[in-house]
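>>> Predicted model follows, preceded by the sequence.
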Amino acid sequence: MVRKKNQYTTVLLLMIGMIMFGFMLVGCNGNVDEEEKKAKEDGEFGQPNSTHALVMLESRASGLGVEKISDLSPNNLAGTMVISAEEELYSGEMLLEAMQQVYGIYFKNHAVHMPGEGYSTLVEGSGDANVEAILVKTDDEVLKRDDIRILQDDKNFFITDKEPQKSN
């Protein structure tokens, strides 16, 4: 009888532990799905649609008539430009290379800028290179500037629910 009682106690404790663990995973009120969805919509979990954007100075883009990424293709306009991106965009998924293939554009040269230095690289250049476009994450501070143009991703390469917008 003592042995059965210990078995029942062990099973009961395991069940209680599993129930408590379940509450920890989903929260005590069980409404995690709605709460998580609302938090994502409110931006509390970062930016779920955050991806990347190609950016130029407004004055330069306007002067060249560039509104969208594919505008860099005619007459090999991209072939006259230097692009800069953070190091991680040149490795791993090779985002820059893939974008160039999708759009049929190939930049004259590539430079690397440190995180958070995209705008200064665009304005001041990188070493001897006169950088005219930068590839950035859409949560980059550069998108808050009024003097930049986010080129429209007209081939939907950077798959998102919405186009990147300048944030104020």
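Perfect, I can see it now.
>>> What about the residue lying closest to residue 122 once chain neighbours are set aside, how many residues nearby?
Closest residue in space to residue 122, ignoring its immediate chain neighbours: residue 134 at 5.1 Å, by CB to CB, 6 or more residues apart in numbering. To be clear about C-beta, it is placed using only N, CA and C from the backbone, and glycine gets the same treatment. By the criterion of other CB atoms under 10 Å, residue 134 has 27 neighbours.
>>> from what I can see residue 134 touches residue 82, true?
No. With contact defined as CB atoms under 8 Å, residue 134 does not count as touching residue 82 (9.9 Å).
>>> Can you give me the domain boundaries for this protein?
Domains of the chain are assigned by automatic domain parsing as 2-41, 52-150.
>>> Of the ones you listed, which stretch is the most buried?
By mean neighbour count, with neighbours taken as mean count of other CB atoms under 10 Å, domain 52-150 ranks first of those at a mean of 17.
>>> Could you tell me the end-to-end distance of it?
For domain 52-150, the first and last residues are 10 Å from each other (CA to CA, to the nearest Å).
>>> Kindly report the same for stretch 99-115.
As for stretch 99-115, its first-to-last residue distance stands at 20 Å under the measure CA to CA.
>>> what does stretch 121-136 give?
Using CA to CA, the gap from the first to the last residue of stretch 121-136 comes to 12 Å.
>>> And the average pLDDT for it is what?
Stretch 121-136 shows an average pLDDT of 82 in the prediction.
>>> residues in contact with it?
With contacts defined as CB atoms under 8 Å, 6 or more residues apart in numbering, stretch 121-136 is touched by 52-57, 60, 72, 78, 81-86, 89, 95-96, 99, 107, 109, 111-113, 118-119, 142-143, 148, 151.
>>> Of those, which belong to strands?
Of the positions in the contacts of stretch 121-136, 52-57, 82-85, 109, 111-112, 148 sit in strands, assigned by DSSP state E.
>>> Nearest residue to residue 149 in space, please, no chain neighbours.
The spatial neighbour of residue 149 that comes closest, neighbours along the chain excluded (CB to CB, 6+ apart), is residue 61 at 4.2 Å.
>>> Now do the contacts for that neighbour.
Taking CB under 8 Å, 6+ apart as the definition of contact, the neighbours of residue 61 are 67, 149, 151.
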